[in-house]
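Engineer: predicted model and sequence below, questions to follow.
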Amino acid sequence: MKNLKVTTGILAIAIALVTLTVMSCKDTKKEHSNEDSLHTEMSADENHSAMNHDNSNGHHDNENKEMTMNADQDGNSELILKDYFNLKNALVADDNSKAKELGGKLAKSLVNLDVSKYTDAQKSELNEIIEDAVEHAEHISESPMAHQREHFKILSKDVTDMVTITGTANTLYEQFCPMYDKGSAWLSMSEEVRNPYYGSKMLKCGKVQKEIN
Amino acid sequence: MKTVKNIVLVLMVAFVGIQFIPTKRNQSDTVPVTDFMLVNKVPNNIKSMLQVSCYDCHSNNTNYPWYNKMQPIAWFLEGHINEGKAELNFSEWDSLSNRRKLSKLRSIIKQIESDKMPLEFYISIHKDAEFSEEEKITIIQWMTQLRDSL
């Protein structure tokens, strides 16, 4: 009988402790949510500056004048392309964990893109592209394969649009497979088709749609 | 027998106890001008679908019927709201660039198509948040139209 009392006593203390722990978890969560609101404020600021850029887009004459700046290559954008192609290859190889790792890497190189040498119009366009692409890369870094591929589709559009502005030293091939999600494109360094949306399931779905450079 | 009784008792006390732990409410009096419903021409049927099935986790204004205030549901919900809003906040829709709107619309369509949203957890406590097949088709069509118009 005495034993019983002791066990219930211990149990009561254990439950009290668990409740306490949950409560303190709660507290840390609160801090997180504070951080969250800070983040939203910050992104609101970013949006704000993006809007300012938009305003300066009004000067159309700037655009034409500085188009020639595209000629010199941006090392950073080449780095982004390198990470993008590695990620694509991981998807081709059906390698979920590799793709996660490379998605994270790509997110970092995207953030690091130096846009200072572009025109205001290009800057704001690039900033929007990067903002979107980073989100997709981050998703890829933490998702199962199928979801990685969904995000890779929109990411590919972002990276393609980036190349239109930044240019690249290499010849790239835009490839297109009509079967995945009502038709999906991606970029490749080689002319040969290796499909990142299907991997081994349908490695060769697609054809070269456009040659860049 | 006595142990079982005691355990049940203690659990009940703990359950009542956790009800006193406060959670942050996600509520706001005003609808910001950036709200999805204000910047888009949203027909009433779509409006109510979004309101019932998505806005609780993806806007600055969660509806709190009694069960949403009950612990531990309120905790789970709070976590989902923080995560959900970070992904997509309908209240701040218009502060997104066009590119990101397109991107979000694609994602919304995908999530509804594949039954990933509304979250299963939510449907289990909130039956009318679940879309019928018909509703799914309606909302996907409308979102696709909006996407193509941007």
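Structural biologist: Nice, thanks for sending it over. Numbers count the residues shown, from 1 in each chain, chains lettered A, B, ... in the order given.
Engineer: run through the strands of chain A in chain order.
Structural biologist: Secondary structure of chain A by DSSP state E: the strands cover A:172-177, A:184-188, A:207-212.
Engineer: which helices and strands does the second one pack with?
Structural biologist: In other words, strand A:184-188. If you count contacts as 3 or more CB pairs under 8 Å, 6 or more residues apart in numbering or on different chains; DSSP states H and E, strand A:184-188 packs onto helix A:75-92, helix A:145-166, strand A:172-177. All C-beta spots, glycine's among them, are computed from the backbone N, C-alpha and C.
Engineer: ok, residue A:165 to residue B:93 distance?
Structural biologist: With distances taken as CB to CB, to the nearest Å, residue A:165 is found 26 Å from residue B:93.
Engineer: which one's more surrounded, the two?
Structural biologist: The residue with more neighbours, out of residue A:165 and residue B:93 and counting by other CB atoms under 10 Å in any protein chain shown, is residue B:93; that gives 21 against 18.
Engineer: apart from its chain neighbours, what residue comes closest to that one?
Structural biologist: residue B:36 (4.1 Å; CB to CB, 6 or more residues apart in numbering or on different chains).
Engineer: the helix or strand containing residue B:141: how far from the chain's middle?
Structural biologist: Here residue B:141 sits within helix B:133-149, counting by DSSP states H and E. Between the centre of helix B:133-149 and the centre of its chain there are 18 Å (CA atoms, centre = their mean, to the nearest Å).
Engineer: buried set for that helix?
Structural biologist: For helix B:133-149, a neighbour-count test (16 or more other CB atoms under 10 Å in any protein chain shown) marks B:138-140, B:142-143, B:146-147 as buried.
Engineer: what's it in contact with?
Structural biologist: Residues outside helix B:133-149 that contact it (CB atoms under 8 Å, 6 or more residues apart in numbering or on different chains): B:40, B:43, B:45-46, B:49-50, B:102, B:105-106, B:108-109, B:112-113, B:131.
Engineer: which among those end up buried?
Structural biologist: Buried by 16+ other CB under 10 Å: B:40, B:46, B:49-50, B:102, B:105-106, B:108-109, B:112, B:131, out of the contacts of helix B:133-149.
Engineer: that older thread, let's have the helices and strands packed on strand A:184-188 in TSV, adding mean pLDDT and distance to chain B.
Structural biologist: Compiled in TSV, the helices and strands packed on strand A:184-188 are given as follows (pLDDT from 0 to 100; distance: least, CB to the nearest CB, whole Å):
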stretch	mean pLDDT	distance to chain B
helix A:75-92	93	16
helix A:145-166	96	5
strand A:172-177	97	17
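Engineer: these into a markdown table, with extra columns for distance to residue B:16?
Structural biologist: Shown next, in a markdown table, are the helices and strands packed on strand A:184-188 (distance: least, CB to CB, whole Å):
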| stretch | distance to residue B:16 |
| --- | --- |
| helix A:75-92 | 51 |
| helix A:145-166 | 40 |
| strand A:172-177 | 58 |
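Engineer: now do the SS call for residue B:117.
Structural biologist: coil (DSSP: H, G, I helix; E, B strand; the rest coil).
Engineer: picking that back up, which of the strands of chain A is buried the deepest?
Structural biologist: Looking across the strands of chain A with neighbours counted as mean count of other CB atoms under 10 Å in any protein chain shown, the highest average goes to strand A:184-188: a mean of 22.
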